[in-house]
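Undergrad: Predicted model follows, preceded by the sequence.
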Amino acid sequence: MSRLLRPLAALLAAACGLAPPAGAASEPPLSALTLTGPERTLFSATRDACDGADVPDAPARAFRDASGTIALYGLHYRNRALRGPDLDRLKIDCRVVLDSGEKPDPALYDDRSWITATWTEDGRSVFALLHHEYQANEHPGRCRSKVYMECWYNTVTAAYSRDGGASFVRAAPPAVVAGPPFRQEEGQGRHRGFFNPSNIFAEGRWRYFFASTTGWDRPSSDQHAGVCLFRTDRPEDPASWRAWTGTGFTAAFPDPYRKAFKLADTCKPIEPFPAPVGAVVRHRGTGAWIAVFMASAGGRFPESGFYWSTSRDLVTWDAPRLLLAGKTLYDDPCKASGRLISYPSLLDPQAEGRNFDDVGAGALLTYATLRIEGCTITSDRDLVRRPVAIKVWP
C-alpha cells in the first residue's frame, strides 16, 4: 500500500478540503494525549522477517484469542501475525494466515489483500476486513494504462477464521463489504473504490469502522471523496454493513459483479479526517472516542505527523491536534531525512475488550518507521511503539 499513499493523500485533501469543518468543536479540546517515553522496536523487518513479505504495511490490529494469547496483524499482503502472551513479548509466527492469489479476474477479489481489521467475540471465530487492491496494470489487457495509480481498483472485503486467527479463508462467493458501484474497467485513469479500513470498534450491540473513498460521479448519485463511517450489529455478515449518509446508516455498497442495484444513497464523509483513519478507541472513563491518523503539513495541519481528534458521537469531532511530528508517507521522501513514519494505532495493554478497542489513562502509540535511500522508500521498516498518557474531560 505504501507507494500509493502520497498521491492518494493529495487527491483526498484536494477533494475534501482542508478548512475547519463548520460542525466541529474547536475550543476547549475534549482530550489531551502526551507522549511519555522513548520509542521501542517491536518488530524489525531486517532482523525478524520470515521472508521479504514481512514488512509493516498497515496499522497494527490486535485481539486476544481464547487462550489469552495476543495476535497482532499489520504486515504485508502475504499476511502473517505476531503472537505472544502480551504486547511486550510478540514474535512473528511464520505461518501465512492469508495469502494473496494475485489473480487476474477482478470478480474473484483475490489479487492483493491486507488484513486491516479483526473482530472476535470469543477468541475462536474471528471476522476480518481486508483492504483489497486489484492492480489492473499487473494483468495484461485489464487496463488502458500502465500506470499503477490509474489502474488501481479498491474494495473492502471479508475473511473468516475458525481457529483463533491461525488461518483465514475468504467466503465463496467473495464477500464484499464496501465496493464502488461499478466494475474495475470503468473510470480507469484514477484510483477508485473504498480502502484502508480502520479497526473495528464497538458501542453496545453496534460495531463500526471507518473507510476512505476517492468518490465517483454517476448519473444517479455523486459520491464525495473522504472518510465514511460504517455500522452493523452483525459483523460476521459482510452484507449487513451500512454507511452513514448524514441522516442514518442506510448506504450499502455491495459487489457490482454479482448484484445489480439502484444507488439510493451515498455516504457522507466525516470531518476532520483528510485521509484514512489509523485507529479509533473508546476512553473507558468518559465514553469519548479518540481517533489517530496521519497528515502532511498544509491547511489545518501545521506540521506533518500523527494527529488525534476526539468525539462524543462518532460524527462530530474536535479540532485535530499534533501527537508526533515527522515526515509521513504523505510527504515527499526526497525532502525527508532518514525515515518516514506511518500507520498509527493506539493499543492499551490493559484494554478490557478482547479487541483492544478501549483505552484508559494510557496506551501505546504503535506505528511503522520506513527507511529512505535517496528518494526511495525501502522495505527496511520497523514496527515501533511509544507510551502515551491520555486525559479526557467529562
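TA: On my side now, so go ahead.
Undergrad: where does Asp233 land on pLDDT?
TA: On pLDDT, Asp233 comes in at 97.
Undergrad: what residues are up against the residue nearest to Asp357 when sequence neighbours are not counted?
TA: Once flanking residues are discounted, Asp357 sits nearest to Phe201: 3.9 Å by CB to CB, 6 or more residues apart in numbering. For glycine as for every other residue, the C-beta is placed from the backbone atoms N, C-alpha and C. Contacts for Phe201 (CB atoms under 8 Å, 6 or more residues apart in numbering) come out as 207-209, 280-282, 289, 355, 357.
Undergrad: Most neighbours among those, which one?
TA: When neighbours are counted by other CB atoms under 10 Å, Asp357 leads the contacts of Phe201 with 27 neighbours.
Undergrad: Please verify my assumption that that residue contacts Val281.
TA: Yes - using CB atoms under 8 Å, Asp357 is in contact with Val281, at 5.7 Å.
Undergrad: returning to what we had before: sitting in helices, which of the contacts of Phe201 do you find?
TA: Under the assignment DSSP state H, the contacts of Phe201 contribute nothing to helices.
Undergrad: any chance of these in JSON lines, plus distance to Thr366 and pLDDT?
TA: JSON lines is the format used below for these (distance: CB to CB, whole Å; pLDDT from 0 to 100):
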{"residue": "Arg207", "distance to Thr366": "21", "pLDDT": "98"}
{"residue": "Tyr208", "distance to Thr366": "20", "pLDDT": "98"}
{"residue": "Phe209", "distance to Thr366": "18", "pLDDT": "98"}
{"residue": "Val280", "distance to Thr366": "14", "pLDDT": "98"}
{"residue": "Val281", "distance to Thr366": "12", "pLDDT": "98"}
{"residue": "Arg282", "distance to Thr366": "17", "pLDDT": "98"}
{"residue": "Trp289", "distance to Thr366": "18", "pLDDT": "98"}
{"residue": "Asn355", "distance to Thr366": "15", "pLDDT": "98"}
{"residue": "Asp357", "distance to Thr366": "14", "pLDDT": "98"}
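Undergrad: now the residue nearest to Asp357: how far from Val281?
TA: Going from Phe201 to Val281 by CB to CB, to the nearest Å gives 7 Å.
Undergrad: joint contacts of those two?
TA: With CB under 8 Å, 6+ apart as the test, Phe201 and Val281 both reach 289, 357.
Undergrad: The nearest residue to Arg183 once chain neighbours are set aside: which element?
TA: The spatial neighbour of Arg183 that comes closest, neighbours along the chain excluded (CB to CB, 6+ apart), is Pro256 at 5.3 Å. Under the criterion DSSP states H and E, no helix or strand holds Pro256.
Undergrad: what's the pLDDT at Leu35?
TA: Leu35 carries a pLDDT value of 98.
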